[in-house]
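> 3D model of this:
(one chain, ligands or ions: 2)
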Amino acid sequence: MSSNPVVTSAEVAAALADGRAVVALESTIFSTLGLPVPHNREALARCESAVRRAGAVPAVTAVIDGVPTVGLEADQIDPVLAGTRKMSARDLGVAVGQRWDVGVTTVAAAVTLAARVGVSVFATGGIGGVHRGAEVSGDISADLGALAREPVVTVTAGAKAFLDLPRTVEYLDTLGVPLLGYRTDEFPAFYSRTSGVPLRLRVESPAEIAAIARGCRSVSYGGGIVVANPIPHAAEIPAAEIEAVLDDALRALDDAGVRGAAVTPFVLDAVGRATEGRSLPANLALAEANAELAAAIAAALAAESA
Ligand code: PSU
Ligand code: MN
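Ligands and ions are numbered 1, 2, ... in the order given. Next up, the predicted model:
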């Protein structure tokens, strides 16, 4: 393993060597770009405990001092929480070449690093997708390509409604990514359990998802699987309430002329400020629920291959 330029923490390395369950986590959500202080630290603690409760080892992904890393040592947590440089898959090699102090991972960068060390299950809050107006701006998150490319099961609460959700689902279809609704027939909209966008495939248990992952391997499908896990009922914010806030945020985005990688952080910040009391607990609850489901899937996969 010493020739692998992607480094694992001591705990993650030991778990991988023993064939125990590991769940990769992205770090943008835990950085200043994803959630405000101190909620980012709370989100990390809750996601890590949820993974551990389900018998798996959490592995936060990042680039630290120019080194791509899966699983943080204790002294690496604070720098990642304070991280301000977002990395998609396209930025990983740049962060290494330029020796960035801290690069935090989007979904695209996280699944890429996870795959390099053989971690096959990953949890996020929400994936990026096709932006509204993409027919003009061309803005489609590189998350989608990475989800199709890397052999990782990703658990997500769908995607935020500031994206074009029907086109996001269609794009995953086009890329050939199995998109599984976890106990749902609709693509969830992050804060809301429903979006009106139907899904073709529904699953009921972690064991069923593990069996599908095995099935994908058996036919040499080399890409990823996306599991759409609706936010827990108790934490849900109704779609109508979110929609009004989003309209304002998207207008502000236009007025400010924000483009490219800055779009998602800009909208997250605007929605966060407009709905603070509701959206923060919702965000934490869905991230924790995704970590828990991912750990159960990882445990089912580890048991099958034991
Ligand atoms: N959606 C959220 N919260 C987030 C993100 C998306 O609700 O924190 C982050 C994730 O890290 C995701 C990234 O991978 O934004 C997508 O950014 P872009 O649209 O620039 O690809
Ligand atoms: Mn983009």
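
> where exactly do the strands run in the stretch 101-250 of the chain?
Here the stretch 101-250 of the chain has its strands, by DSSP state E, counting those that start in this stretch, at 102-105, 121-123, 153-156, 179-182, 201-203, 225-228.

> deepest of the ones you listed, which one?
With neighbours defined by mean count of other Cβ atoms under 10 Å, none of the strands of the stretch 101-250 of the chain is more surrounded on average than strand 121-123, at a mean of 32. For every residue, glycine as well, the C-beta is placed using N, CA and C.

> does any bit of that strand sit next to ligand 1?
No. Strand 121-123 stays clear of ligand 1 (Cβ under 6 Å from any ligand atom), getting no nearer than 10.7 Å.

> please save the CA atoms from the top strand by length along the chain in CSV.
Counting residues, the longest strand found in the chain (DSSP state E) is strand 57-64. C-alpha atoms of strand 57-64 as CSV (Å, rounded to 0.1, in the frame of the first residue of the first chain):
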residue,chain,number,x,y,z
VAL,A,57,-15.6,3.1,10.6
PRO,A,58,-16.1,6.7,9.3
ALA,A,59,-13.6,8.0,6.8
VAL,A,60,-13.7,11.8,6.1
THR,A,61,-12.0,12.6,2.8
ALA,A,62,-9.8,15.7,2.1
VAL,A,63,-6.5,16.9,0.8
ILE,A,64,-4.2,18.0,3.7
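
> partners of that strand in the sheet?
Sheet pairing of strand 57-64 (DSSP bridges) gives strand 22-25 (parallel), strand 67-70 (antiparallel), strand 102-105 (antiparallel).

> looking at those, spot the one closest to ligand 1.
Checking these against ligand 1 by Cβ to the nearest ligand atom gives strand 102-105 as the closest, at 7.0 Å.

> buried residues in stretch 153-172?
Residues of stretch 153-172 classed as buried: 153-165, 167-169, 171-172 (neighbour count, 16 or more other Cβ atoms under 10 Å).

> with stretch 58-72 instead?
For stretch 58-72, by 16+ other Cβ under 10 Å, it's 58-64, 68-72.

> I'd like the residues you listed laid out as JSON lines, including distance to ligand 1.
As requested, the buried residues of stretch 58-72 are exported to JSON lines (distance: Cβ to the nearest ligand atom, whole Å):
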{"residue": "Pro58", "distance to ligand 1": "16"}
{"residue": "Ala59", "distance to ligand 1": "16"}
{"residue": "Val60", "distance to ligand 1": "12"}
{"residue": "Thr61", "distance to ligand 1": "11"}
{"residue": "Ala62", "distance to ligand 1": "12"}
{"residue": "Val63", "distance to ligand 1": "14"}
{"residue": "Ile64", "distance to ligand 1": "17"}
{"residue": "Pro68", "distance to ligand 1": "16"}
{"residue": "Thr69", "distance to ligand 1": "16"}
{"residue": "Val70", "distance to ligand 1": "16"}
{"residue": "Gly71", "distance to ligand 1": "18"}
{"residue": "Leu72", "distance to ligand 1": "17"}
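
> dump those residues into CSV; add distance to Thr28 and pLDDT as well.
Shown next, in CSV, are the buried residues of stretch 58-72 (distance: Cβ to Cβ, whole Å; pLDDT from 0 to 100):
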residue, distance to Thr28, pLDDT
Pro58, 16, 98
Ala59, 15, 99
Val60, 11, 98
Thr61, 10, 98
Ala62, 10, 98
Val63, 12, 98
Ile64, 15, 98
Pro68, 15, 98
Thr69, 15, 98
Val70, 15, 98
Gly71, 17, 98
Leu72, 14, 98
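
> and these, which is closest to Val94?
Val63 (9.5 Å; Cβ to Cβ).

> list the contacts of that closest one.
69, 87, 92, 95-96, 100, 102-103, 105 (Cβ atoms under 8 Å, 6 or more residues apart in numbering).

> rewinding a little: which ones among the buried residues of stretch 153-172 also lie next to ligand 1?
Among these, the residues lying close to ligand 1 (Cβ under 6 Å from any ligand atom) are Lys160.

> restricted to helices, list the buried residues of stretch 153-172.
165, 167-169, 171-172 (DSSP state H).
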